[in-house]
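*Asks:* Coordinates for the following, if possible.
(one chain, ligands or ions: 1)
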Amino acid sequence: MEGKYYKTKKSVEEYIRLAKDTSGEELIEKLKGVLPADSKLLEIGSGPGTDWKILNKSYNVKGSDNSTEFLNHLKSENPHGEFVELDAITMKTDETFDGIYSNKVLHHLTDNELIDAVKRQSEILNSHGIICHSFWKGEGSEIFKGLFVNYHTEVGLREVFRKYFEIRSIENYKEFEIDDSLLLIGKKKE
Ligand SMILES: C[S@@+](CC[C@H](N)C(=O)[O-])C[C@H]1O[C@@H](n2cnc3c(N)ncnc32)[C@H](O)[C@@H]1O
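*Replies:* Predicted structure coming up:
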């Protein structure tokens, strides 16, 4: 579901400022346990690029976002990086990947959009491809700063992903408060 917050220069600058002390370093450590170094990885919703920089140390990573403002920022900060405009729902690309990673991106999708996105992820993954995605934990949805935010439970995520992915783990972790987030790691079903 579309919102303007990530699309204007002013709000993107605000998000980058507010998120400057957070990173997905711990999540990426978990990814490194299942996806070999140098694999071809797609990051969805790279935003400020903090996780992209960490991923870039271990993987052949392509960053992406559906916001032109974030893409301009990513390209100017990382002139040697590879970034493409991609929407998490449609993911219009001819490329295939060994892994797909996102940190607090897919919660902006409605339940039906997430179902479409998960199917599309399985289509653009190579055999035995790995996914690693984080979500806000909870029930229901709300509009925050004009953006749609969908909360997820472990049971709900299993229901959505199990058709296309063997779920390796769904773990609680703390972003701001204890167990406010979930990290799902899965492997493409063959
Ligand atoms: C909460 S930020 C997270 C950014 C980054 N992953 C991080 O951890 O700081 C959400 C990001 O997802 C992007 N985004 C939101 N909806 C998207 C969609 N449908 N397709 C691709 N990117 C999307 C936004 O533009 C923004 O960069």
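
*Asks:* CA atoms only for the longest strand along the chain, dumped as PDB, please.
*Replies:* Longest strand of the chain, by residue count under DSSP state E: strand 125-136. Listed in PDB are the C-alpha atoms of strand 125-136, where the atom choice follows Å, rounded to 0.1, in the frame of the first residue of the first chain:
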ATOM      1  CA  LEU A 125      15.500 -17.300  -6.700                       C
ATOM      2  CA  ASN A 126      17.900 -19.900  -7.900                       C
ATOM      3  CA  SER A 127      17.600 -23.500  -6.600                       C
ATOM      4  CA  HIS A 128      18.000 -23.700  -2.900                       C
ATOM      5  CA  GLY A 129      17.700 -19.900  -2.700                       C
ATOM      6  CA  ILE A 130      17.600 -18.400   0.800                       C
ATOM      7  CA  ILE A 131      15.300 -15.600   2.100                       C
ATOM      8  CA  CYS A 132      15.900 -13.600   5.200                       C
ATOM      9  CA  HIS A 133      13.300 -11.000   6.200                       C
ATOM     10  CA  SER A 134      12.400  -9.000   9.300                       C
ATOM     11  CA  PHE A 135       9.000  -7.900  10.400                       C
ATOM     12  CA  TRP A 136       7.300  -6.000  13.300                       C
END
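
*Asks:* is that strand anywhere near the ligand?
*Replies:* No: contact of strand 125-136 with the ligand (Cβ under 6 Å from any ligand atom) is absent, the minimum separation being 8.0 Å. The way it works is simple: take the backbone N, C-alpha and C, and place the C-beta from them, glycine included.

*Asks:* Which positions within that strand qualify as buried?
*Replies:* For strand 125-136, the neighbour count (16 or more other Cβ atoms under 10 Å) marks 125, 129-136 as buried.

*Asks:* Stretch 69-88 now?
*Replies:* With burial defined by 16+ other Cβ under 10 Å, the residues of stretch 69-88 counted as buried are 69-71, 73-74, 78, 81, 83, 86-88.
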